Structure formats: C-alpha cells, structure tokens
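K.L.:
have a look at this fold, sequence not included:
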DNA sequence: GGAAGTCGTTCGTCAAGGCGAACACATGGA
DNA sequence: TCCATGTGTTCGCCTTGACGAACGACTTCC
C-alpha cells in the first residue's frame, strides 16, 4: 500500500455528525446549549448531527472551540485503536544490528496508547525509521551519551537530560554519537 | 502551559488560503487545473486562496483529495512539531527541595492522559508521593545513578537502564542513592 | 503585429447554508 | 389536570457560498 492518505470515501459528513454528537454528549451539554455557546443556530446544529448539511469551516470551527476538540478530530474518524506492532518492533526484536538495541518496556494495552522503549545504541550508521501510522508522536529523553534524534531531514543533537518530541508519521532517525548512548523513547498514538 | 488546544484565533481562513496555495504550488499545478480535478469552479478556488470565502467541508475535502493532503493539514497550520527541551530548561515542578527536581516534558492533552517527567534527584530523604487518583500508573526508567523506586513499603533498587512500573494510587517513593541521579517518569491515567 | 493559449481575477446568477420562530414531545411541579 | 421548562425537530426567509462566463494580463508562436 502507498501511504494511507486521505480516506477517499467522500466527504465525511457522517463522521462529522457522529463526532459532534459524541463530543457533545461527552460534555454533557444539550444541543441548544452548545449552539448558544458556539453562536450558531440550534437548527443548524441539529441538521449537522443528523448528517444533513455541509457545514462551512467557520461553523465547524466554532463548534470545535466550544466542544474543546481539535478541529481535525471532528472530521477525521476517531483513530481505530488498533495496536500495530510492525515487523521488527516487538519485544522479540532484539537487534537488527549489534550497535542498536531496542527493548520494549511497557507495551500498550488495548485501551491505552503508549509504548515505552529503552534504546541503547552505538555510534555508526543512523537508525532510520519509516513513517508509522498517522497520529503517532514520539518522545525521546537522552540518558547518557550524545545522539542525533528527530526528523530525518533535520535531526537535533541531544545531550544527557535533553528532550525532544516529533511526529512519528514521517521518517525519523536515531544516530548515536558516543559509545553506550542510552535513551528512553515513548511512542504514543491517539 | 496548560493544554494548548485549538488555536483560538478565529477560523483559520488565512491558514487555509496559505495551505491551498502552498500545496498547489508544490504539486506544480495551475489554479484552473486543480479546480477542474477537484470538480469545483476555479473562481471558488481563487477566492479561497485569496482568503475570501468560507468553504464548506465538501469543497475543502475535494481539494484535500485532489492535492493529496490530509484534510487536517489544510486547516491546522503546519506547526513545527519538533520541540526540544534542553537539560535544565523546561518548567521545573515542585522545587520544594534542592535535591529533587522534576521537569515536565510533555503534558497530557485533554483527551489523552500521559505526562512525561524528567526527574533529577540527589541522595537524601526519600521523596514520597501521596496516592494519586485511582487508575494512575507510573513508569520509571533510570538514566544515571542509582535509586530506590516504587511502592513506599517495598521499593526497588534501580541501576541505569532499569525500568519499573507501579500503581500511582498508592503511596510511592523515589529516593536517589547516588549524586545526580536522573530518571524518566511517565505517568498515565485512564 | 496579432492570434491563440494560459494564467488568475471579477461579475452576475442560482442554489444551499445558516438563521429565527414555531413546532411536537417528554418531564416535573403546583 | 394544567402550566412551565427543556429537549430536538421542522418550517420559511435571507444571506452567502459556489458556479459559469467574461475579463485583463501575460507568454508563445506564426
């Protein structure tokens, strides 16, 4: 498969409808109250939640602010909470190479979405990772040594105690600059 | 900072305008060509790129598919999503004592629930934490030094690279055994 | 030069989104 | 019971987004 880009299935009016109602219920608010706070007519909101209609950006934005939900989350379907362990990423993966060892410390239970790795690397070729699924964010705290970490095109040099976060859905890299470089990597996906 | 949620600065019409033009240029397509492929009038696209107008979801969706850009990226500004916090920088929490410093690296967005801390501690009195709310789980990876970590009644001694997890809703403790003990602490609650 | 092509903008028209009021329905007191 | 309050829906009206054609500016080629 190519990169799983935009879900091609037409404008996600149904998704928006579902998201709006779900988030409104979650907030425990009535349709009228949300409409009032967002400054839109409740008739409009009613039609949107029923799947009728095709809101403008302004309207959707007002709702996303009112419901305190990121704009994108209203239109993109809630991420399937599937846990993906790609080939070579599980605990079984000791090391593709001797100079880079990743240990899975805590795997993500079905409902949480977070993996914690301990990365031990030696200087040498960079360890590049292909993009993970969209929405993945990685955090790295360097423990000992020095390393170049981050987006493949523009990594950041880290010293002990330094922290960096970057999107995991683009190519990223981990290149140790000193022997016995140690880092903690937290990967979260929404 | 608290949760940086939706950028509150009004509907991102200007952002959409910029994104549309940027992505269209990137694809090396003319305005008319993009409009044709997306099945919308080029006059509409012209107004959108000029910042005038307030597109409907359907219209924006058609453009996002045509330009092969995730819908969200058109409306959310392409934020430089790589953030670095150098050792010693970042918001230090609970500097009640000089021998224990906690730095919040990544706070939990409203819907996800995970905080990442960098803990820097000196030997001395243990740092006991009262029980947090139920369901909290803490993970600790020791970077440098040695420390006693875990449940207050039965802590575990950690060496560099060691990892421990324990429930956060009972009293727990972090006691450094060597100077300049450094650890990464991930706190998650469901 | 000027005819033909493309570029992006602007103008008039039309349909659709958004609005407020009225509506049906359920709850809960007095 | 009746009235009051709150829910979400449906109805006409009006503003506005989207359309197609015409436009000026620019390049290319004969």
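P.N.:
Looks like it came in fine. Treat the numbers as computed from the prediction; the structure is a model and nothing was measured.
K.L.:
what parts of chain A come near DNA strand C?
P.N.:
Proximity of chain A to DNA strand C, by C-beta under 7 Å from any atom of the strand, involves residues A:39-44, A:48, A:53-56, A:58-59. From N, CA and C alone the C-beta is placed, and that goes for glycine too.
K.L.:
among the residues you listed, which are in reach of chain B?
P.N.:
A:54-56, A:58 (C-beta under 8 Å from any C-beta of the partner chain).
K.L.:
of these, which is the most crowded?
P.N.:
Of all these, residue A:55 has the most neighbours under the rule other C-beta atoms under 10 Å in any protein chain shown, reaching 24 neighbours.
K.L.:
for that one, phi and psi?
P.N.:
Backbone torsions for residue A:55, taken as degrees, to the nearest 10, come to phi -60, psi 150.
K.L.:
quick check: buried residues in the helix ranked longest in chain A?
P.N.:
Criterion DSSP state H: the longest helix present in chain A is helix A:13-27. Across helix A:13-27, burial judged by 16 or more other C-beta atoms under 10 Å in any protein chain shown covers A:13, A:15-21, A:23-24.
K.L.:
scan the helices and strands of chain A for the one with the lowest mean pLDDT.
P.N.:
Comparing every helix and strand of chain A by mean pLDDT, DSSP states H and E singles out strand A:100-106 as the least confident one, with a mean of 49.
K.L.:
ok, back up a step: out of the ones next to chain B among the residues of chain A next to DNA strand C, list just those in helices.
P.N.:
Restricting those to those inside helices, with DSSP H as the criterion, leaves residue A:58.
K.L.:
so which helix or strand takes in the closest residue to chain B within chain A?
P.N.:
Using C-beta to the nearest C-beta, the closest approach of chain A to chain B is made by residue A:161 at 2.8 Å. Taking DSSP states H and E as the criterion, residue A:161 maps to no regular element, lying outside all helices and strands.
K.L.:
mind listing what residue A:49 touches?
P.N.:
Shown here is residue A:49, whose contacts under the criterion C-beta atoms under 8 Å, 6 or more residues apart in numbering or on different chains are A:17, A:20-21, A:24, A:31.
K.L.:
outline the domain layout of chain A.
P.N.:
Taking automatic domain parsing as the domain assignment, the record places the domains of chain A at A:13-75, A:100-189.
K.L.:
ok, of those, where does mean pLDDT dip lowest?
P.N.:
Least confident of the domains of chain A, judged by mean pLDDT, is domain A:100-189 with a mean of 73.
K.L.:
thinking again about what came up before, let me know the closest of the contacts of residue A:49 to DNA strand D.
P.N.:
Using C-beta to the nearest atom of the strand, residue A:31 comes nearest to DNA strand D of the contacts of residue A:49, at 3.1 Å.
K.L.:
the closest one reaches residue A:20, doesn't it?
P.N.:
No: counting by C-beta atoms under 8 Å, residue A:31 stays clear of residue A:20, with 9.4 Å between them.
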